[in-house]
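Undergrad: I would like the atomic coordinates for the input below:
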Amino acid sequence: MFPIVILIFGMLLVLFCSSPRFENVSNSIPEYGAIAFGVPAFLSCMGIGILYRKYIGKFVRNPLLFGKLLSLGTKPLTGAIFGLLIAFFIFGLPSPNGSGLGYDIDVSLRAAIFMSIGGLGGLITAFLQTTVKDIGVLKGYKKALIRGTVGDAISIIFFILAYFSIENI
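TA: Residues are numbered from 1 along each chain as shown. The predicted structure follows:
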């Protein structure tokens, strides 16, 4: 279910890149925007796959627990959502003049690298959530949510670094 949402965001990004607004722009900037979203999205989907592979048998045996798996599966998506935001910033959606890309290639590359590293947070989140032994009990579920916060914090820190590299603050 969640990888389909990532695919839809990616398709919207492709449509946005194919607009006439990008005719006079270097090809590198849209590519860096695609990297800023694509790498974290790929890593987030891998994290979701890790979670589902580990826990799907337990939740199929007890369908009442399936909502817990869905809520655990959304945590690795943090990096992908922030990557989408950085991609839109790289594309110059909120550019000062509103007419085009307001950033150069070096700034876009730096933001894409920061966000790609931040995408590792999705894998870390999923890995730490799978280290919990008994996820079906409320105490184990809370422990999995708290452990997954470490990966989310990594994604958020690198999103902030990518944002500050774009805004030159």
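
Undergrad: and the residue nearest the centre of the chain, what element?
TA: Nearest to the centroid of the C-alpha atoms of the chain, with distances taken as Cα atoms, centre = their mean, sits residue 80, at 1.3 Å. Residue 80 is part of helix 78-90, with elements assigned from DSSP states H and E.

Undergrad: Please identify the buried residues of that helix?
TA: In terms of neighbour count (16 or more other Cβ atoms under 10 Å), helix 78-90 has its buried residues at 78-90. (Each C-beta comes from the backbone N, C-alpha and C, glycine too.)

Undergrad: Can you give me the first-to-last residue distance of stretch 89-105?
TA: Distance between the two ends of stretch 89-105: 13 Å, counting by Cα to Cα, to the nearest Å.

Undergrad: Average pLDDT for that stretch, rounded please.
TA: For stretch 89-105, mean pLDDT rounds to 60.

Undergrad: between the longest helix along the chain and helix 78-90, how many degrees?
TA: The longest helix of the chain (DSSP state H) is helix 28-61. Using axes from the mean of the first three to the mean of the last three Cα atoms, to 10 degrees, the direction of helix 28-61 lies 160 degrees away from that of helix 78-90.

Undergrad: which stretches of the protein aren't confidently modelled?
TA: Within the chain, the segments meeting pLDDT under 70 span 1-3, 5, 14-28, 92-103, 168-169.

Undergrad: what about 80?
TA: Low-confidence segments of the chain, defined by pLDDT under 80, are located at 1-31, 58-59, 63-64, 90-106, 134-138, 166-169.

Undergrad: Looking at it, which residue reaches furthest from the middle?
TA: Ranking residues of the chain by C-alpha distance from their mean position (Cα atoms, centre = their mean) puts residue 61 at the top, at 30.3 Å.
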